[in-house]
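Trainee: 3D model of this:
(4 chains)
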Number of protein chains: 2
Amino acid sequence: MSGQGDSTESGPVGVMNATERGEAEFLRRYDASVYEKPAFTVDLVLFTVRDEHLHALLVQRAEHPFKGCWALPGGFLDPRRDDSVDACAARKLVEETGVRAPYLEQLKTYGSCDRDPRGWTATTVYFALMASDSVRLLGNQEDARWVRVQGDGVGFALAFDHTRILADAVERLRSKLEYTHIAVHLLPEEFTLPELQRTYEIILQQPLDKSSFRRRVMQADMLEELAGRQRDGSGRPAQLYRFRDYDRQTFFPRSISRHAR
Amino acid sequence: MSGQGDSTESGPVGVMNATERGEAEFLRRYDASVYEKPAFTVDLVLFTVRDEHLHALLVQRAEHPFKGCWALPGGFLDPRRDDSVDACAARKLVEETGVRAPYLEQLKTYGSCDRDPRGWTATTVYFALMASDSVRLLGNQEDARWVRVQGDGVGFALAFDHTRILADAVERLRSKLEYTHIAVHLLPEEFTLPELQRTYEIILQQPLDKSSFRRRVMQADMLEELAGRQRDGSGRPAQLYRFRDYDRQTFFPRSISRHAR
DNA sequence: CAAATAGTGTCTATAAGACATTATCAA
DNA sequence: TTGATAATGTCTTATAGACACTATTTG
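Mentor: Now for the predicted structure:
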């Protein structure tokens, strides 16, 4: 971003000034193990919409602690395999679902001495959105299941502080839905406007006005009209669209009112 | 929240079922040290407004790595002293500034094998807002200084990935200013509407319409009118207000346009 | 009085909500 | 044709932007 190079950061290749010699010496002697470290994990809140409901992926814990309890998928970060926290989240996502690159966003980090009976742990939580038809659960000997989300959770307590984490993720999802287009990541590549609107209605838990919804989406100029049309039982078939740019994060100019009637 | 108690989570006091006996046994044998852990730090982006400019607190590093470079204040989390990541951030804030409880919010966690030459580290970054007159820098043998923020940074490269982190924090601050009232935390307890508006203009880097601004703020019903009035050189003195509820996080119904003229 | 700053009133543009109307399909 | 759903049109309402105007102080 800003940053015209600061001379203390790195000198010409092959030449070391006094500061750099000092740093090289320091690093040679440095022993990371002298510091006490909390355990560090990465957990995932995976969302999808199916059967007219928002679902989150939960796994039943095969081992202690909380053996038998349902929990968010995730686990220890492995510094030898994971070059970054983001990479660790992506790895766990693939291991769990086989999905390559849906929408994946860091939610928050939860860390304390009492959230895990084994001691001080910190977990960085990511939430991901995916089309339900894109997923084939891989379930590494864990029992993984899509569980319906109602209100701010699944209706029963989860392991660790995962009940709270799931509630935070649901709130973030609802909140972002009002001013971004992330809901497209819950649909297959080709979808219709009524399907997109239905997705919003399911997650926000309220009906939206068709005309206003279409106006918003079209004004944002995010969708590309496709050749085909989609039939869905009776009635006029709907126009197919695809999201124009799955990488760019786009925003609505105004938020969808959650108080609409 | 949701959560009617799940029977696997905890049984009656003093009685253990098979699952609980298994868990107790597991925990007795559990040795946390077998897992390789990344180093875990907490860093702070402290913002204040003074001399008509946004400033961030930076410290000059006394030790390797990046000795002599400017960096965000922060450091290793100490599991023996810090009961949670939040508590660690609060502790470091007090150690650095002596300020008790201004606005403190978790920004994001950055972790990778290459952000620190000592090896794999993760840092959870918080950003804080405070009134510049409330701060007396304590500077534990470190050289701490308020540095003017222009654009998305301070104009020179910081240690580690702190240039990027600062840019993210500035963006988040600007973004949140548009739909929340957090700017009040940059002012002393008693302030005037022109002062509040000026704070917004300084951070958003654009003039705002006086009438629209006042309308927004008053409609949000966040401010309490105080008895006194404040004189500030020439002209009509301005009404003093105080923020009604420093705990509650409140929101504007609509965002302040960043495209205003 | 003028200058300066605080605070109010009012018009307009824009976008959302509500809802009626038209379009296109199957049976 | 009817029934169903998609898509469009239009009127109303809410709010932000623009800017003129009034209010209150000092010198």
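
Trainee: Which pLDDT value belongs to residue A:138?
Mentor: Per-residue pLDDT puts residue A:138 at 66.

Trainee: Tell me where the stretch 151-261 of chain A has helices.
Mentor: A:162-177, A:193-204, A:210-220 (DSSP state H, counting those that start in this stretch).

Trainee: right, and these - which one's nearest residue B:157?
Mentor: Among the helices of the stretch 151-261 of chain A, the nearest to residue B:157 by CB to CB is helix A:162-177 (32.0 Å). Placement of C-beta: from N, CA and C, glycine included.

Trainee: sorry, back to before: so for DNA strand C, which of the helices of the stretch 151-261 of chain A sits nearest?
Mentor: Shortest distance between DNA strand C and those, using CB to the nearest atom of the strand, is found for helix A:210-220: 2.9 Å.

Trainee: residue contacts, residue A:194?
Mentor: A:210, A:238 (CB atoms under 8 Å, 6 or more residues apart in numbering or on different chains).

Trainee: Same question for residue A:210.
Mentor: A:194, A:197 are the contacts of residue A:210 under CB under 8 Å, 6+ apart.

Trainee: correct me, but residue A:158 touches residue A:166?
Mentor: Yes - with contacts counted by CB atoms under 8 Å, residue A:158 reaches residue A:166, the gap being 6.6 Å.

Trainee: which neighbours do these two share?
Mentor: Contacts common to residue A:158 and residue A:166, judged by CB under 8 Å, 6+ apart, are residue A:72.

Trainee: sorry, back to before: could you say which of the helices of the stretch 151-261 of chain A is packed most deeply?
Mentor: Each of these was given a mean neighbour count from mean count of other CB atoms under 10 Å in any protein chain shown, and the largest, a mean of 20, is that of helix A:162-177.

Trainee: how about that one against DNA strand C, any contact?
Mentor: No - Helix A:162-177 stays clear of DNA strand C (CB under 7 Å from any atom of the strand), getting no nearer than 13.2 Å.

Trainee: quick one: that helix to chain centroid distance?
Mentor: Offset of helix A:162-177 from its chain centre (CA atoms, centre = their mean, to the nearest Å): 10 Å.

Trainee: Which stretches in chain A count as strands?
Mentor: Ranges of strands within chain A are A:39-50, A:53-60, A:70-71, A:74-76, A:103-112, A:121-129, A:143-148, A:190-192, A:223-230, A:238-243, based on DSSP state E.

Trainee: how much space between the residue in chain A positioned nearest to DNA strand D and residue A:59?
Mentor: Proximity of chain A to DNA strand D (CB to the nearest atom of the strand) peaks at residue A:235, 2.2 Å away. Look at residue A:235 and residue A:59: by CB to CB, to the nearest Å, they are 40 Å apart.

Trainee: Compare neighbour counts for the two and give me the winner.
Mentor: Higher neighbour count among residue A:235 and residue A:59: residue A:59, with 22 against 8, using other CB atoms under 10 Å in any protein chain shown.

Trainee: isn't the more buried one right up against residue A:144?
Mentor: Yes - judged on CB under 8 Å, residue A:59 makes contact with residue A:144 at a distance of 4.7 Å.

Trainee: What residues does chain A have near DNA strand D?
Mentor: By CB under 7 Å from any atom of the strand, the part of chain A that sits against DNA strand D consists of A:192-194, A:210-211, A:214, A:229, A:232-239.

Trainee: again, only this time at 6 Å
Mentor: Selection of chain A residues close to DNA strand D by CB under 6 Å from any atom of the strand yields A:192-194, A:210-211, A:214, A:232, A:234-236, A:238-239.

Trainee: And the residues you listed, which is the shakiest by pLDDT?
Mentor: Lowest in pLDDT among the residues of chain A next to DNA strand D is residue A:232, which has 77.

Trainee: give me the number of residues near the residue nearest to residue A:231 when sequence neighbours are not counted?
Mentor: Leaving aside its chain neighbours, residue A:231 sits nearest to residue A:237 (4.5 Å; criterion: CB to CB, 6 or more residues apart in numbering or on different chains). Residue A:237: 12 surrounding residues under other CB under 10 Å.

Trainee: can you pull the contacts of residue A:237?
Mentor: Shown in contact with residue A:237 (CB under 8 Å, 6+ apart): A:229-231.

Trainee: any chance of these in a markdown table, plus neighbour count?
Mentor: Listed next are these as a markdown table, based on neighbours: other CB atoms under 10 Å in any protein chain shown:
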| residue | neighbour count |
| --- | --- |
| A:229 | 11 |
| A:230 | 15 |
| A:231 | 10 |
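
Trainee: Would you format these as CSV with pLDDT included?
Mentor: Output for the contacts of residue A:237, formatted as CSV (pLDDT from 0 to 100):
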residue, pLDDT
A:229, 87
A:230, 86
A:231, 82
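
Trainee: Going by distance to residue A:71, which of the residues you listed wins?
Mentor: Of the contacts of residue A:237, the one sitting nearest to residue A:71 (CB to CB) turns out to be residue A:230, at 37.6 Å.

Trainee: give me the number of residues near the nearest residue to residue A:39 once chain neighbours are set aside?
Mentor: Closest residue in space to residue A:39, ignoring its immediate chain neighbours: residue A:121 at 4.4 Å, by CB to CB, 6+ apart. By other CB under 10 Å, 22 other residues sit near residue A:121.

Trainee: Bridge partners for residue A:121, pull those for me.
Mentor: In this structure, residue A:121 bridges to residue A:39, residue A:112 when assessed by DSSP bridges.

Trainee: Check it and give its pLDDT.
Mentor: On the pLDDT scale, residue A:121 is placed at 97.

Trainee: can you tell me which residues contact it?
Mentor: Residue A:121 neighbours (CB under 8 Å, 6+ apart): A:38-41, A:111-112, A:115.

Trainee: who's in contact with residue A:109?
Mentor: For residue A:109, the contact set (CB under 8 Å, 6+ apart) comprises A:122-125, B:85, B:106, B:109, B:124.

Trainee: now with 7 Å?
Mentor: Taking CB atoms under 7 Å, 6 or more residues apart in numbering or on different chains as the criterion, residue A:109 is in contact with A:122-124, B:85, B:106, B:109, B:124.

Trainee: who wins for most neighbours among those?
Mentor: Most surrounded of the contacts of residue A:109: other CB under 10 Å gives residue A:122, at 29 neighbours.

Trainee: How about that one, nearest residue that isn't a chain neighbour?
Mentor: In this structure, residue A:122 finds its nearest non-sequential neighbour in residue A:111, 3.0 Å apart by CB to CB, 6+ apart.

Trainee: So what's the residue count around that neighbour?
Mentor: Counted with other CB under 10 Å, the neighbours of residue A:111 add up to 28.

Trainee: low-confidence ranges in chain A?
Mentor: A:1-35, A:101, A:137-142, A:246-261 (pLDDT under 70).

Trainee: care to break it down by domain?
Mentor: Here the domain assignment for chain A is A:39-176, A:181-243, based on automatic domain parsing.

Trainee: Quick one: closest of these to residue B:90.
Mentor: Here domain A:39-176 is closest among the domains of chain A (CB to CB), at 12.9 Å.

Trainee: Quick one: distance of the closest one to the chain centre.
Mentor: Computed by CA atoms, centre = their mean, the chain-centroid distance of domain A:39-176 equals 9 Å.

Trainee: And that domain, end to end?
Mentor: Using CA to CA, to the nearest Å, the span of domain A:39-176 from its first residue to its last is 30 Å.
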